[in-house]
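1. Let's see this in three dimensions:
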Amino acid sequence: MYWPTVTTVGKAVKPPLTDVTAGLGARVRARRKELGLTQEKLADRADLHWTFVGQIERGQRNVTLHNIVKLADALEINPTLLVDGLTFHAAALPPAATPSVTASGRSGESA
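-> Predicted structure coming up:
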């Protein structure tokens with residue numbers, strides 16, 4: 001699903017990158033709130049910047065495996081719980097963000 005830019009109080013809000021990043025972010029936020037943590041406290045526990053945690057929770061960052069493990073440790077859960085069942089659908093991306101495949105079968109800019 002493509003997420004349009006939303007505005008709140010006259011300020012544009014960046015949409016999630018994909019349904020996957022939105023789903024991961026929602027899981028991080030839900031667990032953080034279960035533990036009664038602020039974004040700042042979670043960031044301290046995971047050795048990440050608090051603005052990065054906010055971007056993850058809003059689905060605006062494509063998180064590396066390394067940082068998923070750091071977040072899971074800070075949230076006191078198995079990393080599997082953050083990603084299990086998330087699926088990527090290329091159709092969910094805006095056309096310009098969908099990678100093309102070259103004649104060699106490798107992902108690239110264009111053939």
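
2. From Thr64, how far out is the residue minimising distance to the centre of the chain?
-> Centroid-nearest residue in the chain, with C-alpha atoms, centre = their mean: Thr21, separated by 3.0 Å. According to C-beta to C-beta, to the nearest Å, Thr21 stands 12 Å off from Thr64. The C-beta positions use only the backbone N, C-alpha and C, and glycine is treated the same way.

3. Just name whatever secondary elements whichever helix in the chain runs longest is in contact with.
-> The longest helix of the chain (DSSP state H) is helix 19-34. Judged by 3 or more C-beta pairs under 8 Å, 6 or more residues apart in numbering; DSSP states H and E, the packing partners of helix 19-34 are helix 39-46, helix 50-57, helix 80-83.

4. Between those helices, which one is closest to Lys70.
-> helix 39-46 (4.5 Å; C-beta to C-beta).

5. Contact partners for Glu40?
-> Trp50, Val53 (C-beta atoms under 8 Å, 6 or more residues apart in numbering).

6. Tell me the spacing between it and Gly23.
-> Relative to Gly23, and taking C-beta to C-beta, Glu40 is found at 23 Å.

7. can you check Lys33 too?
-> Counting by C-beta to C-beta - Lys33 and Gly23 are separated by 16 Å.
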